[in-house]
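[1] structure for the following, please:
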Amino acid sequence: MRLTKRRPGIHSTCETIVYNLVSGADMNSLRMKSRTKIAAGLMLIIAASFSQSVLAGKLEEKCKSHIQGKIAWDTASNYDSASKWDEKNLSYLCKDTINPKAPGECFHGVMTGHVNHGESDKWEYQNAIELCKGTSNADETINCFKGKIAEKVDWETAIKQCQAKPNLENVAK
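    Got it, this is the predicted structure:
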């Protein structure tokens, strides 16, 4: 559409709208609305992220309380001393679970449940932590591991294939 020059004050409604759009008079209000929508969207993302962090922290704390003083990390040692976990190991085992009881149940099941790793059913606690870290389903994790061993997969590979979370850091010794 081509605008023709008219005398001041005599414009059609259509020409006025086109002129305003071209001149940018309405563009400022459109930009402001877009910025407001973007800011509101960012606030929602930040709020959701914060909520997830708070929830994850609560689940991790519940997991820790399910284990600390109740499940021995070394079944061959004195129960009182062996049920006092190093904070780093406890955090590592519980991180990212959505079922606070599952990591402890998995660890306990591996350490006491006669889960054979190909050579024996006696586990080093670091390997049991590695398998069970972050799990939300103890039985599923243990059964996955047993299945891999039955398929003649070596135990280190089986742990990697069955763990809920990939190796992020070393377990404290």
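[2] isn't residue 104 up against residue 72?
    No. Residue 104 is beyond contact range of residue 72, at 10.9 Å (criterion: Cβ atoms under 8 Å). Glycine gets a C-beta too; all of them are placed from N, C-alpha and C.
[3] the two: who's more crowded?
    residue 104 (25 against 22; other Cβ atoms under 10 Å).
[4] element containing that one, please.
    helix 102-112 (DSSP states H and E).
[5] and that helix, what does it pack against?
    helix 25-67, helix 87-94, helix 125-132, helix 138-150 (3 or more Cβ pairs under 8 Å, 6 or more residues apart in numbering; DSSP states H and E).
[6] what sits up against the third one?
    Counting by Cβ atoms under 8 Å, 6 or more residues apart in numbering, the neighbours of helix 125-132 from elsewhere in the structure are 73-74, 89, 92-93, 103, 106-107, 110-111, 117, 138, 141, 145, 155, 159, 162-163, 167, 171, 173.
[7] now which of these would you call buried?
    Neighbour counting by 16 or more other Cβ atoms under 10 Å classes 73, 89, 92-93, 103, 106-107, 110-111, 117, 138, 141, 145, 155, 159, 162-163, 171 among those as buried.
[8] quick one: low-confidence ranges for the protein?
    1-56, 79, 165-173 (pLDDT under 70).
[9] please redo it, this time with the cut-off set to 90
    Counting by pLDDT under 90, the ranges of the chain that qualify are 1-59, 73-83, 113-114, 118-119, 163-173.
[10] let me see the residues that make contact with the helix or strand harbouring residue 160.
    Per DSSP H and E, residue 160 falls inside helix 155-162. Outside of helix 155-162, the residues within contact range by Cβ under 8 Å, 6+ apart are 117-119, 127, 130-131, 141, 144-145, 148-149, 153, 166-167.
[11] among those residues, who's most crowded?
    residue 141 (26 neighbours).
[12] ok, the closest residue to it other than its chain neighbours - contacts?
    Among residues not flanking residue 141 along the chain, residue 135 sits closest, at 4.5 Å (Cβ to Cβ, 6 or more residues apart in numbering). By Cβ under 8 Å, 6+ apart, the contact set of residue 135 is 97, 99, 102-103, 106, 141, 163-164.
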